[in-house]
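S.K.: sequence unknown, structure follows:
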C-alpha cells in the first residue's frame, strides 16, 4: 500500500460565522492509498476548533508505515494501528479511515451503504446552514436555499438570536434546526429561548451551552419541547454513554470520531441507548461528505451541506437530490478526484 497526501484550501462561498469565530476558508489535507492498481481517497478537514493543522496532519501521516500489513482488507487491524499512533489527531486518522474504506469498497466492488444494508430511500433531508450575519446577508443566503432544501440550520449564540431567526422567517417558513455552538450561558434564558423557537417552527436544538456544562444541559433536555443534540460535547464512541439523559441525541462527525468505522459504532450505540442520531460534517469536499452519506440512512437528522458551502470542490461524489445528500452506487465511497495531479 502506498500512502500520499495533498494539502488544499477550501474557499467558502460566503464568509462563515458561528458563536465565537468567523472564517472564509478551511484548510484540508487530502489522502490517497494505492494498492494493486486501485486508489482510495480520504480527507482531513481542519476547522480551527479541532486544533489540527496541515502541518500536524502531515506529521501524523508521516508516522504511518503499512509494510506490516499484507492487504487493505485487514481494515480493522490497520485502523487500530493508526489510532494507536497518537492520542488525538482525529481528522488525520479520519483521512486514513475514509481512504481505506474507499479502497476496500473498490476491491470488493461494493458501496458501503449496500455493505451496511442501508436503503438510500431512508436518508433524511439535509439541513443547509445559515451562519450568523447581517439581516441582509441572512436573507440573501436564505433565498439561495429556498427551493433546494427542505430544512435549514440557523447558527445562533450571537448578539441577537431572535433577530437572526426573524430575518430567516421573513423569507421562508421551512422547518428550522438551530445550533448555538455553546453560545448560551444562562440555563433559564436558554429554556425561554427554546420555547420561543418551538413557536417559530424550529424542530431541534444543537449544543446550546458549553460542552462540559452537562448538569445545565440535562436540565434543558428534561424540560425542553425540542430534542437537544450534542455536538462539541461528543467526540468519540467513549463519550456517548455518559451523555444518556443529558442530550436527546448526538451529532456524529467523521473528523471528530476518526472516520467511518467508529461513526458506525457510535450510531449503533446511540440507538441502543434510545438516543437520536444525526450525521454531521465540517466544511469538506465531496470526498468526506460522500463517506458520511454512506452511513446516513435511518438516522433522525442529517447536516451534510459541507461541500455545497465551498466554491472549489475537487471531488465528484454524493449529490443533492430533492433536499437530500444521496451517495452514488459506485464502489467504495463513490467519489472521483477532479484534480489532475492527485
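M.R.: Happy to help now that I have it. Keep in mind that what you see is a predicted model, and the values were worked out from it rather than measured. Residues are numbered from 1 along each chain as shown.

S.K.: any chance you could map the helices in the stretch 51-200 of the chain?
M.R.: Using DSSP state H, counting those that start in this stretch, the helices found in the stretch 51-200 of the chain span residues 54-62, 75-83, 90-107, 112-115, 135-145, 161-169, 187-199.

S.K.: angle of the lengthiest strand in the chain against helix 54-62?
M.R.: Ranked by residue count and defined by DSSP state E, the top strand of the chain is strand 2-18. Interaxial angle, strand 2-18 versus helix 54-62 (axes from the mean of the first three to the mean of the last three CA atoms, to 10 degrees): 150 degrees.

S.K.: immediately after strand 2-18, which helix or strand?
M.R.: Elements were assigned by DSSP states H and E; along the chain past strand 2-18, the next helix or strand is strand 21-35.

S.K.: re earlier: can you spell out which helices and strands pack onto the longest strand of the chain?
M.R.: Taking 3 or more CB pairs under 8 Å, 6 or more residues apart in numbering; DSSP states H and E as the contact definition, the neighbouring helices and strands of strand 2-18 are strand 21-35, helix 54-62, helix 90-107. (C-beta placed from N, C-alpha, C; glycine too.)

S.K.: between the helices of the stretch 51-200 of the chain, which one is nearest to residue 176?
M.R.: When the helices of the stretch 51-200 of the chain are compared by CB to CB, helix 161-169 sits nearest residue 176, at 6.9 Å.

S.K.: Helices of the stretch 201-342 of the chain, start to end?
M.R.: Counting by DSSP H, counting those that start in this stretch, residue ranges of the helices within the stretch 201-342 of the chain are 214-223, 254-257, 260-272, 286-293.

S.K.: So which other helices or strands are in contact with the first one?
M.R.: Contacts defined by 3+ CB pairs under 8 Å, 6+ apart place helix 214-223 against helix 187-199, strand 228-230.

S.K.: Output these in a markdown table, with mean neighbour count, distance to residue 54 and mean pLDDT appended to each entry.
M.R.: Putting these into a markdown table (neighbours: other CB atoms under 10 Å; distance: least, CB to CB, whole Å; pLDDT from 0 to 100) gives the following:
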| stretch | mean neighbour count | distance to residue 54 | mean pLDDT |
| --- | --- | --- | --- |
| helix 187-199 | 16 | 36 | 96 |
| strand 228-230 | 26 | 28 | 98 |
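
S.K.: can you list the ones you listed in a markdown table and add distance to residue 264?
M.R.: Converted to a markdown table, these look like this (distance: least, CB to CB, whole Å):
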| stretch | distance to residue 264 |
| --- | --- |
| helix 187-199 | 31 |
| strand 228-230 | 18 |
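
S.K.: Can you check the pLDDT for residue 16?
M.R.: Predicted confidence (pLDDT) for residue 16: 65.

S.K.: coming back round to it: and the helices and strands packed on strand 2-18, which is most packed in?
M.R.: Burial among the helices and strands packed on strand 2-18, expressed as mean neighbours by mean count of other CB atoms under 10 Å, is greatest for helix 90-107, which shows a mean of 27.

S.K.: Of the helices of the stretch 201-342 of the chain, flag the one that's most buried.
M.R.: With neighbours defined by mean count of other CB under 10 Å, none of the helices of the stretch 201-342 of the chain is more surrounded on average than helix 286-293, at a mean of 31.

S.K.: got the angle for that helix vs strand 21-35?
M.R.: Put simply, helix 286-293 runs at 90 degrees to strand 21-35, going by the same axes, to 10 degrees.

S.K.: any idea how far the longest strand of the chain is from the chain center?
M.R.: Using CA atoms, centre = their mean, to the nearest Å, the distance from the centre of strand 2-18 to the centre of the chain it belongs to is 14 Å.

S.K.: Does residue 200 touch residue 167 like I think?
M.R.: No - contact between residue 200 and residue 167 fails when scored by CB atoms under 8 Å: they sit 11.9 Å apart.

S.K.: So the two - more neighbours on which side?
M.R.: Just comparing residue 200 and residue 167: by other CB atoms under 10 Å the higher neighbour count belongs to residue 167, 22 against 15.

S.K.: Can you check the pLDDT for the closest residue to residue 149 other than its chain neighbours?
M.R.: In space, and not counting its chain neighbours, residue 149 is closest to residue 128: 4.3 Å by CB to CB, 6 or more residues apart in numbering. The confidence metric pLDDT takes the value 96 at residue 128.

S.K.: ok, back up a step: ok, which of the helices of the stretch 51-200 of the chain comes nearest residue 336?
M.R.: So among the helices of the stretch 51-200 of the chain, helix 90-107 is nearest, using CB to CB, at 10.7 Å.

S.K.: what is the rounded mean pLDDT of the closest one?
M.R.: 98.

S.K.: now do stretch 208-217
M.R.: 97.

S.K.: contacts for it?
M.R.: 180, 182-185, 187, 190, 194, 220, 228, 230, 232-233, 242-243, 246-247 (CB atoms under 8 Å, 6 or more residues apart in numbering).

S.K.: mind giving me the domain ranges of this protein?
M.R.: Annotated domains of the chain cover 2-110, 114-337 [the TED database].

S.K.: Check those for me: which has the lowest mean pLDDT.
M.R.: With a mean of 93, domain 2-110 has the lowest mean pLDDT of the domains of the chain.

S.K.: how long is that one end to end?
M.R.: Terminal residues of domain 2-110 lie 22 Å apart, using CA to CA, to the nearest Å.
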